[in-house]
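Undergrad: let's see this in three dimensions:
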Amino acid sequence: MLPAWTLRPAAHSDLEEIAELRAVVLRPDLERLGRYDDRRVRQRFRDSFEPTHARIIEVDGVFAGSIALRPADGVHWLEHFFLLPSLQGRGLGSAILSEVLAACPGPVRLNVLQGSAARRLYERHGFVVDSEDPVDVFMTR
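TA: Predicted coordinates:
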């Protein structure tokens, strides 16, 4: 059974909590790829965070993650989809992704790290590979 979850608009005050979660979630894949830098993983997020298109995932009223859909050039970019590791693998990410995608008109693009388990989630939701390089896989739905 899925925990009770909600989405709320993100605010600038959510930045550090998301940056920390990003570092935790991406660390295994970035280390495997030889690209983990403790400072850089957080700073890249800080430099690009725009709360206008982001939502905070709350489970039982408590911060559990984030997701963003940023419009650009006729598509939406799915970004900053991070979920607490303790909540992963239980169907919650799929439920959230289904709801967010259902409300999004037109094509959605994303990039996921090579070898990330998240790629299977995206494939189950209809994303297909456009291109890839040694670090990233670019997908569209």
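Undergrad: and the strand or helix carrying residue 19, which residues are buried?
TA: Per DSSP states H and E: residue 19 is located in helix 15-32. Neighbour-count burial for helix 15-32, counted by 16 or more other C-beta atoms under 10 Å, picks out 15, 18-19, 21-23, 25-26, 29-30. Heads up, the C-betas are built off the backbone N, CA and C, glycines and all.
Undergrad: go on, stretch 105-123?
TA: 108-113, 116, 118-119, 121-122.
Undergrad: now render the residues you listed as TSV, adding secondary structure.
TA: Putting the buried residues of stretch 105-123 into TSV (DSSP: H, G, I helix; E, B strand; the rest coil) gives the following:
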residue	secondary structure
108	strand
109	strand
110	strand
111	strand
112	strand
113	strand
116	coil
118	helix
119	helix
121	helix
122	helix
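Undergrad: tell me the one of those residues nearest residue 75?
TA: residue 109 (5.2 Å; C-beta to C-beta).
Undergrad: check contacts around that closest one.
TA: For residue 109, the contacting residues are 75-78, 130, 138-141, by C-beta atoms under 8 Å, 6 or more residues apart in numbering.
Undergrad: over to residue 70?
TA: By C-beta under 8 Å, 6+ apart, the residues touching residue 70 are 50, 53, 76-77, 79.
Undergrad: repeat that for 7 Å
TA: Listed by C-beta atoms under 7 Å, 6 or more residues apart in numbering, the contact partners of residue 70 are 53, 76-77, 79.
Undergrad: what does residue 49 give?
TA: Per C-beta under 7 Å, 6+ apart, neighbours of residue 49: residue 15.
Undergrad: that's all I had, so thanks and see you.
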